[in-house]
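> Provided below are the primary sequence and the corresponding predicted coordinates.
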Amino acid sequence: MAAKAVGWENMAFIFLNRFLDLTDAIEEGSLDALDHADFQNTDIPFEVPLPAKQHVSEEHREEVRDWVLTVSMDQRLEQVLPQDERGTYEASLLAPSTGVRSLPCLVTGYPVLRNKVVFKSPGKEANKESWNKFLMAVKMSHSPPCQDVLRFVGQWCGGLPSSSFSFQ
């Protein structure tokens, strides 16, 4: 729903369609009928544990089903996930064609491919653009909860990069 809300309709369609497939699988108690075509060349798992019961209301599932059906009938969207320069889904940490695993950006979870901010703790990186946007949001919001998140990141990552802003 978040992808739909920000206008990423292709991604929203694919993920909400998968959501509907999974809700059907919960009803049937089996993943056997799932089609994995949309998730080839991604690190999105095909096998996932199914809950014993639905955790999303029937009303909400119907709202999603209506939207997916409407979009499907319009045929205005390409049913493809956005790809990056690795030729894989842009949020995949693993590039299936090369087997190279990228570190996740600690702000977005997307792979850190270039222009990175490296933290003191091993394995902690951020995409520079995402990190700068996060810092600017913290600075402009003057929000104590946002500043708490920044402090947490500093503790978790062994300190903040020296180019960080000070909000005190």
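Looks like it came in fine.
> Going by C-alpha atoms from here, please, whenever you check contacts or count neighbours.
Noted.
> Shouldn't Thr80 be within a strand?
Quick fix: residue 80 is Val, not Thr. No. Judged by DSSP: H, G, I helix; E, B strand; the rest coil, Val80 forms no part of a strand; its state is coil.
> Skipping adjacent residues, who's closest to Gln79 in space?
Asn10 (6.1 Å; Cα to Cα, 6 or more residues apart in numbering).
> What average pLDDT does the helix or strand in which that neighbour is found get?
Element membership for Asn10 (DSSP states H and E) is helix 9-28. Regarding helix 9-28, the rounded mean pLDDT is 93.
> Could you give me the buried positions within that helix?
9-18, 20-26 (16 or more other Cα atoms under 10 Å).
> What of stretch 62-70?
Buried positions in stretch 62-70, judged by neighbour count with 16+ other Cα under 10 Å: Val64, Arg65, Val68.
> Correct me if wrong: the last one contacts Asn17.
This means Val68. Yes. Counting by Cα atoms under 8 Å, Val68 touches Asn17, with 6.4 Å between them.
> From the buried residues of stretch 62-70, pick the one nearest Asp38.
Minimum distance to Asp38 across those is 14.8 Å, recorded for Val68 (Cα to Cα).
> Which of the helices or strands spans that closest one?
helix 58-74.
> That helix: what's the following helix or strand?
By DSSP H and E, the next helix or strand past helix 58-74 is strand 94-95.
> Other residues contacting that following strand?
Asn41, Thr42, Asp43, Arg86, Gly87, Thr88, Val100, Arg101, Ser102 (Cα atoms under 8 Å, 6 or more residues apart in numbering).
> Could you rerun that using 10 Å?
41-44, 86-89, 100-103, 111 (Cα atoms under 10 Å, 6 or more residues apart in numbering).
> And the helix holding Asn10, what does it pack against?
Helix 9-28 sits against helix 2-5, helix 58-74, with contacts defined as 3 or more Cα pairs under 10 Å, 6 or more residues apart in numbering; DSSP states H and E.
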